[in-house]
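In: Fold the following for me, if possible:
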Amino acid sequence: MTDKDSKSSAKVKVYTATWCAFCHAAKQYLDQKGVKYEDLDVEHDPANAVAALDKSGQRGIPVLDIDGDIIIGFDRPRIDTALQAHNLVS
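Out: Numbers count the residues shown, from 1 in each chain. Modelled structure (predicted):
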């Protein structure tokens with residue numbers, strides 16, 4: 001498997017709401033790093049809210065699921081560590 005192949009196999013989900021400034025910052029950070037992610041709105045989709053709560057154990061957002069590593073809030077060092085661990089960034 002090449003490095004490019006491993007980059008495409010990891011999955012990133014971001015549980016967000018339109019009014020959440022830290023959610024926007026987290027998505028912008030991933031965009032700057034060139035990381036593709038699925039944006040899951042917890043405000044308008046109750047199933048996404050339940051999934052975020054199940055994964056994080058709390059109601060705070062954003063919740064980032066980086067291929068199974070759960071990060072609550074816009075925690076750049078933890079995000080960077082998870083992205084590197086899953087070969088999503090160089």
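In: which stretches of the chain form strands?
Out: Secondary structure of the chain by DSSP state E: the strands cover 12-16, 38-41, 63-66, 69-72.
In: In CSV: these, plus distance to residue 48, mean pLDDT and mean neighbour count.
Out: To be clear about C-beta, it is placed using only N, CA and C from the backbone, and glycine gets the same treatment. Putting the strands of the chain into CSV (distance: least, CB to CB, whole Å; pLDDT from 0 to 100; neighbours: other CB atoms under 10 Å) gives the following:
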stretch, distance to residue 48, mean pLDDT, mean neighbour count
strand 12-16, 6, 97, 23
strand 38-41, 4, 96, 14
strand 63-66, 10, 98, 26
strand 69-72, 14, 97, 18
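In: Serialize these to JSON lines and add fields for distance to residue 25.
Out: Below are the strands of the chain laid out as JSON lines (distance: least, CB to CB, whole Å):
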{"stretch": "strand 12-16", "distance to residue 25": "10"}
{"stretch": "strand 38-41", "distance to residue 25": "13"}
{"stretch": "strand 63-66", "distance to residue 25": "12"}
{"stretch": "strand 69-72", "distance to residue 25": "13"}
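In: Quick check: bridge partners of the spatially most central residue of the chain?
Out: Taking CA atoms, centre = their mean as the criterion, residue 64 is the residue nearest the geometric centre of the chain, at 2.9 Å. Beta-bridge pairing for residue 64 (DSSP bridges): residue 14, residue 71.
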